[in-house]
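Trainee: Pasting a predicted model and its sequence here:
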Amino acid sequence: MSGLYIHIPFCENRCSYCAFYSTIARDRKKQEQFFQTLEKELNGLPEDFSPETIFVGGGTPTAPDFQCLEKFFPMFGKFSPQEFSCEANPGTVDEKKLALLRRSGVNRLSLGVQSFHSQCLETLGRIHSAEEAEEAVRLARAAGFENLSIDLIFGVPGQTLQMVESDLDRALALGSEHIAIYNLMYEEGTPLTRRNPLRLDEDLEREMFDRIRERLKAAGFVHYELSNFAKPGFECLHNQLYWNGGEYLGCGPAAHSHWRGARWANVSDLNDYCANGPRREFEEVLNPDAKERETLVMGLRQPAGVEVSSKVWKNLSESFQGLEKAGLLVIDGRRVRLSEEALFVSDAVLAELV
Ligand code: SF4
């Protein structure tokens with residue numbers, strides 16, 4: 001199984017917490033230039049590349065003008081993936097754009113709602129209101145989307161447990177098939193980090209995480225990745241490909257690829273990308289041991305755990321046993337998984353295995 005990731009590097013505005021590469025470009029000419037370069041990059045992919053999943057992210061794929069999207073989205077028609085996801089910002093969608101995505105083959109929409117509380121939306125620098133997010137869900141359903149994900153964030157400065165609960169209430173009331181809920185990260189160099197707000201207490205964040213898991217489990221969702229919950233059968237195939245060490249090609253500025261034992265990233269600069277094409281700013285060949293460890297660590301992001309090869313077992317048995325003793329890892333034959341206790345502190349636990 002292989003996947004294709006597309007990075008659309010435009011946003012209407014920059015959110016305060018975001019470290020993804022994007023630029024505010026309302027200039028139609030720049031948008032056209034980008035899509036022309038992207039089309040060339042797509043045409044240069046290996047002849048036999050036939051992705052089962054496509055994920056259009058960014059940036060905000062729904063930020064460019066409708067006319068631009070209408071002109072270029074048909075370029076994906078040459079692929080016939082099983083899953084075709086597109087991210088959307090509730091502040092940049094309307095009936096026309098959503099209908100266009102649907103008729104271009106997009107069959108899974110991931111809406112960046114983040115919160116239904118104006119106070120949190122303001123802290124995060126989002127451009128939309130909670131009501132606009134609800135309207136976006138209604139429009140997406142009307143456009144024919146039957147596989148909808150709502151993205152939320154917890155751990156926002158000033159957020160309470162009750163606010164997280166009511167975010168879940170509203171997301172569930174909207175009937176979303178998938179909910180991704182991320183713990184806010186303070187990325188280096190972002191306006192939020194520079195502002196240095198009073199961060200939530202770690203115990204409160206843990207309580208939020210536990211409550212999220214309880215509530216979504218009770219609502220029939222499967223906790224299939226640290227931050228991702230889905231109704232059975234609605235797990236995101238593209239992300240599962242990442243977590244299971246699968247191969248993918250990425251197109252667009254700052255897009256990453258992992259293909260035939262190598263990994264690289266396109267240049268994170270829209271002007272450079274448009275002027276020189278998809279120049280690589282980083283490239284490495286993975287040695288088989290590093291690749292196996294990386295696959296293990298990514299695999300452990302899934303609460304169901306992973307089957308471990310005898311080689312990995314041999315190399316890491318001491319670390320496995322140490323983590324098991326500390327109550328952070330569950331070993332069941334050759335299968336290992338993070339313990340309930342470890343899910344909230346997974347980064348620190350997984351760092352032990354890299
Ligand atoms: S809309 Fe998304 S990609 Fe753009 S700045 Fe906000 S979080 Fe980042």
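Mentor: Thanks, I have it.

Trainee: In stretch 121-139, which residues are buried?
Mentor: 121, 123-128, 130, 132-134, 136-137, 139 (16 or more other Cβ atoms under 10 Å). For every residue, glycine as well, the C-beta is placed using N, CA and C.

Trainee: which one of those is nearest residue 62?
Mentor: Comparing the buried residues of stretch 121-139 against residue 62 with Cβ to Cβ picks out residue 136 as the nearest, at 9.5 Å.

Trainee: for the closest one, what are its contacts?
Mentor: Residues near residue 136 by Cβ atoms under 8 Å, 6 or more residues apart in numbering: 88, 90, 93, 111, 113, 128.

Trainee: what do you get if the cut-off is 7 Å, keeping everything else the same?
Mentor: When contacts are counted by Cβ atoms under 7 Å, 6 or more residues apart in numbering, residue 136 is found next to 90, 93, 111.

Trainee: Downstream of the strand or helix carrying it, the next helix or strand is which one?
Mentor: Secondary structure from DSSP states H and E places residue 136 in helix 130-142. Sequence order places strand 148-154 as the next helix or strand after helix 130-142, per DSSP H and E.

Trainee: average model confidence for that next one?
Mentor: Here strand 148-154 scores 98 as its mean pLDDT.

Trainee: Touching that strand from outside, list them.
Mentor: 108-115, 124, 137, 140, 164, 167, 171, 174, 176-184, 208, 212.

Trainee: try 6 Å this time
Mentor: Residues from elsewhere that reach strand 148-154, judged by Cβ atoms under 6 Å, 6 or more residues apart in numbering: 109-114, 140, 164, 167, 171, 176-182, 184, 208.

Trainee: Tell me the spatial nearest neighbour of residue 176, not counting adjacent residues.
Mentor: Spatial nearest neighbour of residue 176, excluding adjacent residues (Cβ to Cβ, 6 or more residues apart in numbering): residue 150 at 4.4 Å.

Trainee: again, but for residue 57
Mentor: residue 87 (4.7 Å).

Trainee: for the contacts of residue 136, which one is nearest the ligand?
Mentor: Nearest to the ligand among those, counting by Cβ to the nearest ligand atom, is residue 90 at 10.1 Å.

Trainee: Next, count neighbours for the residue in the stretch 251-354 of the chain that the ligand sits nearest to.
Mentor: Relative to the ligand, the nearest point of the stretch 251-354 of the chain is residue 254 (10.7 Å; Cβ to the nearest ligand atom). Neighbour count of residue 254, defined by other Cβ atoms under 10 Å: 20.

Trainee: doesn't residue 268 make contact with it?
Mentor: Yes - between residue 254 and residue 268 there is a contact at 4.0 Å, judged by Cβ atoms under 6 Å.

Trainee: Residue 23: neighbouring residues, count only.
Mentor: Neighbours around residue 23, by other Cβ under 10 Å: 15.

Trainee: Run through the bridge partners of it.
Mentor: residue 10 (DSSP bridges).

Trainee: cool, residue 223 as well?
Mentor: Residue 223 has these beta-bridge partners by DSSP bridges: residue 229.

Trainee: What is the burial count for it?
Mentor: Other residues close to residue 223 by other Cβ under 10 Å number 17.

Trainee: From residue 137, how far out is it?
Mentor: Residue 223 sits 22 Å away from residue 137, going by Cβ to Cβ, to the nearest Å.

Trainee: what about stretch 89-100 and the ligand, any contact?
Mentor: Yes - counting by Cβ under 6 Å from any ligand atom, contacts between stretch 89-100 and the ligand involve residue 89.

Trainee: Let me know how buried the residue nearest to residue 296 when sequence neighbours are not counted is, in neighbour terms.
Mentor: Using Cβ to Cβ, 6+ apart and skipping the chain neighbours, the partner closest in space to residue 296 is residue 312 (5.9 Å). Neighbours of residue 312 under the rule other Cβ under 10 Å: 20.
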